[in-house]
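Visitor: predicted structure and sequence below. I'll ask about it afterward.
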Amino acid sequence: MLFASPLLPNNVQHYPRPPTYDLPDLPPAKRSSFWLLPISIALQQITLAIIGPLPKSSPLRTLLPAIVVPITIGIGIQATLFCHHLTSPVVNFAYGTATVSITLQGIDILFLIPWRYEIPLTELFRIPDKPCPTASATWRQRFDWASAYFNNPRMLNTPFEPTLLKQRRKKLARISRSRFLVTRFATVIMTWVLIDFLLAWCRYDLWFGSATHQMALPDTLFSGALRTVFGGSAIWMAVNSEHALCAIIYVGILGQDHTHWPDLFGIWSEEWYTIAEFWAVAWHGVFRQQFTFLTNTVSSRVLRIVIPFLLSGILHFAGAHIQSRDGVNAMMFLLLQPLGILVQQAIIGSVGGLKGTAWWFKAVVWLSTMVWLIATGYGFVKSYAEGGMFDIEPIPLSFLSLLGIVEGKAYRYGGAMAHFGWY
């Protein structure tokens, strides 16, 4: 996952409070569950490696998924409901979302995709620049091909790649590799500085904690909106900086084509106005295929909107549940989004749509989108805060500590590996 770098709870807390994400009364069996995800991935990879080159009419192509998918679903449910294996809230959240993501991915690639195409799966998903030959492929080649699918969640360079990503890759093709690296490096540094300020504010404000502390804002409509915007921005920036850093490593050090690293997020000032566009364009698409694969099986417009958010709600419930045993607010935030989309689209449709309308009308639509996201996102961000998400600083160096503005060590990754032991 993008957050899965060596992170640890921040020791720069102006007001000390116990970590709410560490549950000391959990039995040991619920703390030692990391093996569930590797088993689920291995089952899917082995199944893919076997059925990939087989013709569509092969009985084995039907039999194996029918056996493996129920097992994969069972592992996902087990990991989501009963497991809490690490004390780092970010790693816990990543583990919970991964269980659902991999389970949904298994259903898609083992049940639906093989029946959507006549040609072998090996012709659809391939390691970039190294296609797996169908006729004489070894089992290891097929296994490597199956592994490539799990390393390409956005479906880049496959028939399932969204049109939006193709457009972003075309834009990247117009700039040089050196310019790409410079812009990504600048993005990482700028984002780390902003995250440092945002999370310092989150800690000092106590995030729905003691209202008597001098640094805490009163619990008002304005402060709630401010907390939601700042908390959401911190998440946005952390994910984006991780992606930009990976792009620098893969392009600058490993020599990968920079067009394989289109922007993770959309440009808010250019690409989106509506709630639907926020989720389809502005927000990252790491789980897009896992959320939309079932929409191809229905004709109802409402269901095509509801299904992705239902699956997204389940995924975020799992992450928050493993993080703090409370994922209801996270799930409700996602389940409310189809309602906002349908109402907003109905209103925009009643006046003829956004094309050709005045700038002030687009501004009103954009403002209504922000109001909706802030209003519905309050509980979502609050559950993140109470789960300890903002006690984590996903940057190696605190510029504020280096300048003496806040207390604590400037280097943030020291001792991180302690969070990967068994507790």
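Guide: Arrived safely, thanks for sending.

Visitor: tell me, what residue is most central in this protein?
Guide: residue 286 (5.5 Å; CA atoms, centre = their mean).

Visitor: residue 138 versus that residue, what's the distance?
Guide: 31 Å (CB to CB, to the nearest Å). C-beta here means a position set from N, CA and C on the backbone, and glycine is covered the same way.

Visitor: same question, residue 242
Guide: Residue 242 is 34 Å from residue 138, by CB to CB.

Visitor: likewise residue 367?
Guide: Residue 367 is 57 Å from residue 138, by CB to CB.

Visitor: same question for residue 393.
Guide: 45 Å.

Visitor: who has more neighbours out of those two?
Guide: residue 393 (28 against 11; other CB atoms under 10 Å).

Visitor: for the stretch 201-350 of the chain, which segments count as helices?
Guide: With helices called from DSSP state H, counting those that start in this stretch, the stretch 201-350 of the chain shows them at 221-248, 275-277, 288-292, 301-324, 328-350.

Visitor: buried residues in the longest one?
Guide: By that I understand helix 221-248. 224-225, 227-232, 234-245, 247-248 (16 or more other CB atoms under 10 Å).

Visitor: for stretch 158-168, measure first residue to last.
Guide: 15 Å (CA to CA, to the nearest Å).

Visitor: typo on my end, stretch 156-163
Guide: Stretch 156-163: ends 10 Å apart by CA to CA.

Visitor: what does that stretch contact?
Guide: The contact list for stretch 156-163 (CB atoms under 8 Å, 6 or more residues apart in numbering) reads 124-126, 128, 152, 154-155, 165, 169, 260, 262, 285, 288-289.

Visitor: what do you get if the cut-off is 6 Å, keeping everything else the same?
Guide: Stretch 156-163 has contacts (CB atoms under 6 Å, 6 or more residues apart in numbering) with 124-125, 128, 155, 289.

Visitor: kindly report the same for stretch 369-377.
Guide: Everything outside stretch 369-377 that qualifies as a contact, by CB under 6 Å, 6+ apart, is 225, 228, 274-275, 278, 333, 336, 340.

Visitor: go through that stretch and flag the buried ones.
Guide: 369, 372-374, 376-377.

Visitor: which of the residues you listed fall in helices?
Guide: Taking DSSP state H as the definition of helices, the buried residues of stretch 369-377 contribute 369, 372-374, 376-377.

Visitor: nearest to residue 195 among those?
Guide: Of all these, residue 377 has the smallest distance to residue 195: 18.5 Å, by CB to CB.

Visitor: low-confidence stretches in the stretch 51-200 of the chain?
Guide: For the stretch 51-200 of the chain, the stretches with pLDDT under 70 are 84-87, 127-135.

Visitor: residues near residue 360, how many?
Guide: 8.

Visitor: sorry, slip of the keys, the one I care about is residue 347.
Guide: 11.

Visitor: for residue 341, see how far away it is.
Guide: Taking CB to CB, one finds residue 347 at 11 Å from residue 341.

Visitor: same question for residue 174.
Guide: 33 Å.

Visitor: who has more neighbours, the two?
Guide: Ranked by neighbour count (other CB under 10 Å), residue 174 and residue 341 place residue 341 first, with 23 against 8.

Visitor: hmm, the more buried one is touching residue 276, no?
Guide: Yes - with contacts counted by CB atoms under 6 Å, residue 341 reaches residue 276, the gap being 4.7 Å.

Visitor: residue ranges in the stretch 301-423 of the chain under the pLDDT threshold?
Guide: For the stretch 301-423 of the chain (pLDDT under 70), the answer is 356-357, 407-408, 413-423.

Visitor: could you count how many residues lie near residue 38?
Guide: 9.

Visitor: so it is in which element?
Guide: helix 36-51 (DSSP states H and E).

Visitor: and that helix, how far out from the chain's middle?
Guide: 22 Å (CA atoms, centre = their mean, to the nearest Å).

Visitor: mind saving the C-alpha coords of it as CSV?
Guide: Taking Å, rounded to 0.1, in the frame of the first residue of the first chain, the C-alpha atoms of helix 36-51 are listed here in CSV:
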residue,chain,number,x,y,z
LEU,A,36,-3.6,-14.3,6.1
LEU,A,37,-2.9,-11.8,3.3
PRO,A,38,0.1,-13.7,1.8
ILE,A,39,-2.0,-16.9,1.7
SER,A,40,-4.8,-15.1,-0.1
ILE,A,41,-2.5,-13.5,-2.6
ALA,A,42,-0.6,-16.8,-3.2
LEU,A,43,-3.9,-18.7,-3.8
GLN,A,44,-5.0,-16.1,-6.4
GLN,A,45,-1.6,-16.0,-8.1
ILE,A,46,-1.3,-19.8,-8.4
THR,A,47,-4.9,-20.0,-9.8
LEU,A,48,-4.2,-17.3,-12.3
ALA,A,49,-0.9,-18.9,-13.4
ILE,A,50,-2.8,-22.2,-14.1
ILE,A,51,-5.9,-20.9,-15.8
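
Visitor: and it, which residues are buried?
Guide: Within helix 36-51, judged by 16+ other CB under 10 Å, the buried ones are 36-37, 40-41, 43-51.

Visitor: and the helices in the stretch 1-150 of the chain, which stretches?
Guide: So, for the stretch 1-150 of the chain - with DSSP H, counting those that start in this stretch - the helices run 36-51, 59-82, 89-107, 113-116, 139-150.
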